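prediction below, plus the sequence it came from.
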Amino acid sequence: MLAVNIADLTRYDEIPRQCLIAPVVSSGAAIIDGEPGRIDGKAVVLECDETRARSIISIMRSYDTKAKRYLLRAYVQGPRGGWKKI
């Protein structure tokens with residue numbers, strides 16, 4: 001399972017990001033603490049297969065790289081349920 005940082009989704013280019021995220025996030029999507037202790041560490045879990053989720057993250061990160069901005073923070077769930085930044 002993959003998740004993306006909520007604060008990063010609202011930083012830049014909100015409309016393209018919303019178009020990519022809306023189909024894979026429902027109103028009852030799980031919110032996780034990707035970076036405990038950080039005020040902007042919350043993330044939303046993407047409800048799709050891993051290949052699609054990684055593709056969405058890659059597209060958004062390519063926009064960030066092109067615009068010379070901080071990359072979108074994303075997290076992967078580990079085998080014991082914890083979350084690790086990718």
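Structure received. Residues are numbered from 1 along each chain as shown.

restrict the worst-scoring helix or strand of the chain on mean pLDDT to CA atoms and write it as CSV.
Every helix and strand in the chain was compared by mean pLDDT, DSSP states H and E; the lowest is helix 14-21, with a mean of 87. This file holds the C-alpha atoms of helix 14-21, laid out as CSV (Å, rounded to 0.1, in the frame of the first residue of the first chain):
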residue,chain,number,x,y,z
GLU,A,14,-3.6,21.8,-7.2
ILE,A,15,-5.9,21.1,-10.2
PRO,A,16,-3.6,18.6,-12.0
ARG,A,17,-2.8,16.9,-8.7
GLN,A,18,-6.5,16.6,-7.8
CYS,A,19,-7.2,15.1,-11.2
LEU,A,20,-4.6,12.4,-10.6
ILE,A,21,-5.6,11.7,-7.0
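
confidence score at residue 78?
As summarised for this prediction, residue 78 has a pLDDT of 91.

and the closest residue to it other than its chain neighbours, what's its pLDDT?
Nearest-residue entry for residue 78: residue 84, 5.7 Å, with adjacent residues in sequence omitted and distances by Cβ to Cβ, 6 or more residues apart in numbering. C-beta coordinates here come from the backbone N, C-alpha and C atoms, glycine included. Here, the pLDDT recorded for residue 84 equals 93.

need the contact list for residue 84.
Counting by Cβ atoms under 8 Å, 6 or more residues apart in numbering, residue 84 touches 75, 76, 78.

which SS class is the first one?
Okay, so that is residue 75. Each residue gets one of three states, and residue 75 gets strand by DSSP: H, G, I helix; E, B strand; the rest coil.

next, residue 50: phi, psi?
Per-residue torsions, residue 50: phi -60, psi -40 (degrees, to the nearest 10).
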